[in-house]
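Trainee: Task: produce atomic coordinates for the following.
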Amino acid sequence: MKYGALPLTKLVEQFASLPGIGRKTAQRLAFYILTLPKERAKEFSDAIMEAHDKINYCTICKNYTDQPVCDICSDDRRDKSVICVVEDAKDVAAFERTREYRGQYHVLGGLISPMDGIGPDQIFIKELLARIQTGEVKEVIMATNPTVEGEATAMYISRLLKPFQVKTSRLAYGIPVGSDLEYADEVTLYKALENRSEIL
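Mentor: Next up is the predicted model:
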């Protein structure tokens, strides 16, 4: 659909390409951007470019950070013997909101999904195994989403971890099957973490 001016049409299309943004919302956002003072619009676009330029993966856990090592991995008060394995950085933010988990994280950057052409080598599994090989880790909590891909990824990784003799647990099913962790409330997430079960 054209909006009378090519730049406006392109702006609507860019918003519409974002996950969870429908055509009407994209149109509303585009028109809102046009009402902003020019300086404010520039701040908005500069923030996007700065995030793109300065944010990278933590060298340890693969979470997003603007430093070589993220705040969580560099915090000596965190329990380095427990690693919570999640699909992406949004899930780290969800667990941090509980204020109960004091271990570390490992962000996979996706899930194994043969249908989408994503195999084990396309996500950060090798990096997780390298962390386990240090001998410091005693438990790995598989906190991938309770979907087909999440379950398959959790089982695949748990099999790889067997030779290391670390406890491998799975979140309890207080989280509805098929849902995303980022939308779970803090209490549900904490209970799922607290009632996790060992993967045998």
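Trainee: So which residues of this protein form helices?
Mentor: Secondary structure of the chain, counting by DSSP state H: helices at 6-16, 23-35, 38-54, 89-98, 125-132, 148-161, 186-194.
Trainee: which stretch in those helices is the model least sure about?
Mentor: Mean pLDDT is lowest for helix 186-194 among these, at a mean of 72.
Trainee: Now do that one against helix 89-98, angle only.
Mentor: Using axes from the mean of the first three to the mean of the last three C-alpha atoms, to 10 degrees, the direction of helix 186-194 lies 100 degrees away from that of helix 89-98.
Trainee: What residues sit buried inside helix 186-194?
Mentor: Residues Thr188, Leu189, Tyr190, Lys191, Ala192, Leu193 are the ones in helix 186-194 that count as buried (16 or more other C-beta atoms under 10 Å). Yep, even glycine has a C-beta here, placed from its N, CA and C like the rest.
Trainee: Would you agree Ala16 is in contact with Lys24?
Mentor: No - counting by C-beta atoms under 8 Å, Ala16 does not reach Lys24; the two are 9.5 Å apart.
Trainee: what about these two, which has more around it?
Mentor: Applying other C-beta atoms under 10 Å to Ala16 and Lys24 shows that Ala16 carries more neighbours, namely 16 against 9.
Trainee: Just give the closest residue to the more buried one, not the sequence neighbours.
Mentor: Excluding the flanking residues, the one nearest Ala16 by C-beta to C-beta, 6 or more residues apart in numbering is Ala26, at 3.8 Å.
Trainee: now the helices of the chain as JSON lines including distance to Ser113?
Mentor: Shown next, in JSON lines, are the helices of the chain (distance: least, C-beta to C-beta, whole Å):
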{"stretch": "helix 6-16", "distance to Ser113": "24"}
{"stretch": "helix 23-35", "distance to Ser113": "27"}
{"stretch": "helix 38-54", "distance to Ser113": "25"}
{"stretch": "helix 89-98", "distance to Ser113": "16"}
{"stretch": "helix 125-132", "distance to Ser113": "13"}
{"stretch": "helix 148-161", "distance to Ser113": "5"}
{"stretch": "helix 186-194", "distance to Ser113": "23"}
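Trainee: what's the distance between the residue nearest the centre of the chain and Val107?
Mentor: The centre of the chain sits closest to Asp88, judged by C-alpha atoms, centre = their mean, with a distance of 1.7 Å. The gap separating Asp88 from Val107 is 6 Å, by C-beta to C-beta, to the nearest Å.
Trainee: Next: Lys24.
Mentor: Using C-beta to C-beta, Lys24 is found at 33 Å from Val107.
Trainee: again with Cys70
Mentor: 10 Å.
Trainee: Now do the shared contacts for the two.
Mentor: Here Cys70 and Val107 share the contacting residues Cys61, Asn63, scored by C-beta atoms under 8 Å, 6 or more residues apart in numbering.
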